[in-house]
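> Structure of the sequence below:
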Amino acid sequence: MQSLRLLWPICRPNIYREASSIRSLAPSSSSRPSRPFQHHLRQSQPFTQTPRRVFNPNKWHHPHDDPHYKLSQAKPLITTPRLKRFAKSPSTHAVAVVAVAAAFVFYFSNIQTVPVSGRRRFNCFDEDTVAAVAEQQAKRIVWEVERQGGRFLSDWDPRTRLVKRVMARLIPVSGMEDAEWEVRVIDDPHTANAFVLPGGKVFVFSGLIPIARNEDGLAAVLGHEIAHNLAEHVAERMSGSIGTNLLLGSLVLLTGGLAVIGTWAIGNWILGLLFERPMGRRQESEADYIGLMMMAEACYDPREALQFWKRMERQKQLEPPEWMSTHPSNHNRIQKITEWMPQALEKMQESDCRGTSAFADMFRRALDRGVIITSSGWA
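Residues are numbered from 1 along each chain as shown. Take a look at the predicted model:
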């Protein structure tokens, strides 16, 4: 108690000073406003009078607080000493050997031979997986066309019937009769394009038909697109992307957070230039060859493929250099098809083109022209 009495004189004056300071802050009766208090938000103010957020360039008072400075001072996720210790570790060597051996086994166990061309390639995706992905892509295409105000031609439109007629002769020789084929013609006279998704979803832009000019020219395009599915090029590209993504991920991990975006962009461009674009050109050339043989076996004139690509070359005067594109140039395409033409004509002669399919085509043209067919030919 004696100690408390000794401390009391020391603490008491401080309490008095705090109380007096609080009383000095309270408003006196003479300083109070004569009118009642009104809320400062009397009415909703227009947007032009609302407070603005002003960018302050001097927000970061210290350079170390600047995020740009922090980003410039970022260090790799794996430093050199740590990387050296990791590389010298015996467990690392064992894991690396097992991983490389597993990668080799996985790679060579998924080597396939492409039909018709005989090329060997890596493919680790089955048809069902690719078809499921293509099904979603087909729905996305239909939604995108309708969202942009486009429309699909009806089944009884002459252009849709033309595409279906050509497909009816190409599908049997492709060996893909079990697929659920569905033909959709997009009403777009300004686009000359067509593609066939895995699983049998066929999309043709109406602008392609005038350039094709006839069934043989259209068969050259559709045969090429069917060949992509026959050779499973989509699955091959999906399989190839596994290795490129693993390589890009390793580069990003080694270079650190500073260069994540830059490393990914540059690495993706280099890998695309060295692997993806050459693969695309190789697949396109392979589809040209398979499609040419396919249309010849279906009793379409393969020489119309040459005429079609010549017309396409006149349509596209400006095109990027071949080494920057996933497609070969039209000039090289014409040159390769010219080299394959004797083989295609031989394939056409080996097929029974004077049989049922040719007679059915002649009968259809006769009905369109209103002439009569006799046993000796045209009447």
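
> Strands along the chain, start to end?
All strands of the chain, identified by DSSP state E, fall at 111-113, 120-122, 182-186, 194-197, 201-205, 373-374, 377-378.

> Strand partners (parallel or antiparallel) of the fourth one?
In other words, strand 194-197. Neighbouring strands of strand 194-197 in its sheet, by DSSP bridges, are strand 201-205 (antiparallel).

> who's in contact with residue 296?
302, 344-345, 347-348, 351 (CB atoms under 8 Å, 6 or more residues apart in numbering). C-beta coordinates here come from the backbone N, C-alpha and C atoms, glycine included.

> Highest mean neighbour count out of the strands of the chain?
strand 201-205 (a mean of 23; mean count of other CB atoms under 10 Å).

> So for that strand, mean pLDDT?
For strand 201-205, the mean pLDDT works out to 96.

> got the contact list for that strand?
Residues contacting strand 201-205 (CB under 8 Å, 6+ apart): 134-135, 138, 141, 163, 167, 181-186, 188, 191-197, 222, 225.

> so what pLDDT did the nearest residue to residue 327 once chain neighbours are set aside get?
In this structure, residue 327 finds its nearest non-sequential neighbour in residue 284, 5.1 Å apart by CB to CB, 6 or more residues apart in numbering. Per-residue confidence (pLDDT) for residue 284: 92.

> Distance check, residue 284 against residue 309.
Noted for residue 284: a distance of 12 Å to residue 309, by CB to CB, to the nearest Å.

> Mind checking which of those two has more residues around it?
Set residue 284 next to residue 309 and count neighbours by other CB atoms under 10 Å: residue 309 wins out with 22 against 18.

> ok, that one to residue 327 distance?
Computed as CB to CB, the residue 309 to residue 327 distance reads 12 Å.

> got it, and residue 203?
Using CB to CB, we find residue 203 at a distance of 18 Å from residue 327.

> Verify the contact between residue 192 and residue 311 for me.
No: at 9.4 Å, residue 192 does not count as touching residue 311 under the criterion of CB atoms under 8 Å.

> Mutual contacts of these two, please.
With CB under 8 Å, 6+ apart as the test, residue 192 and residue 311 both reach residue 211.

> out of these two, which sits in the more crowded spot?
The residue with more neighbours, out of residue 192 and residue 311, is residue 192; 20 against 16, by other CB under 10 Å.

> didn't residue 348 look like it was pressed against residue 302?
Yes: if you go by CB under 8 Å, residue 348 and residue 302 touch, sitting 6.5 Å apart.

> Between these two, which is the more surrounded one?
residue 302 (26 against 19).

> Next, the contact list for that one, please.
Residue 302 makes contact with 220, 292, 295-296, 341, 344-345, 347-348, according to CB under 8 Å, 6+ apart.

> let's go with 10 Å and repeat that
Taking CB atoms under 10 Å, 6 or more residues apart in numbering, we find residue 302 in contact with 216, 219-220, 223, 291-296, 337, 340-345, 347-348.

> Any quick PyMOL command for the buried ones out of those residues?
The PyMOL selection below is limited to those of those classed as buried (16 or more other CB atoms under 10 Å):
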select buried, resi 216+219+220+223+291+292+293+294+295+296+337+340+341+344+347+348
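
> tell me, how many neighbours does residue 350 end up with?
10.

> Does it touch residue 173 like I think?
No: applying CB atoms under 10 Å as the test, residue 350 and residue 173 come out as separate, 11.9 Å apart.

> Going by neighbour count, which residues of stretch 229-245 are buried?
By neighbour count on 16+ other CB under 10 Å, the buried set for stretch 229-245 is 229-240, 244.

> pLDDT score for the nearest residue to residue 328 once chain neighbours are set aside?
Spatial nearest neighbour of residue 328, excluding adjacent residues (CB to CB, 6+ apart): residue 281 at 5.0 Å. Here the pLDDT value assigned to residue 281 is 88.

> picking up where we left off before, what do residue 350 and residue 173 both touch?
When contacts are counted by CB under 10 Å, 6+ apart, residue 350 and residue 173 are jointly contacted by 296-297.

> returning to what we had before: common neighbours of residue 348 and residue 302, please.
Residues touching both residue 348 and residue 302 (CB under 10 Å, 6+ apart): 293, 295-296.

> Keep only those of these that are in helices.
293, 295-296 (DSSP state H).

> Residue 209 and residue 186 touch, don't they?
No: distance between residue 209 and residue 186: 11.3 Å, which falls outside the contact criterion (CB under 10 Å).

> All the helices of this protein, in order from the start?
Taking DSSP H as the criterion, the chain contains helices spanning 2-25, 67-72, 80-88, 90-108, 127-147, 158-174, 208-212, 215-230, 233-255, 260-271, 277-297, 303-315, 330-350, 356-369.

> No more questions from me, cheers.
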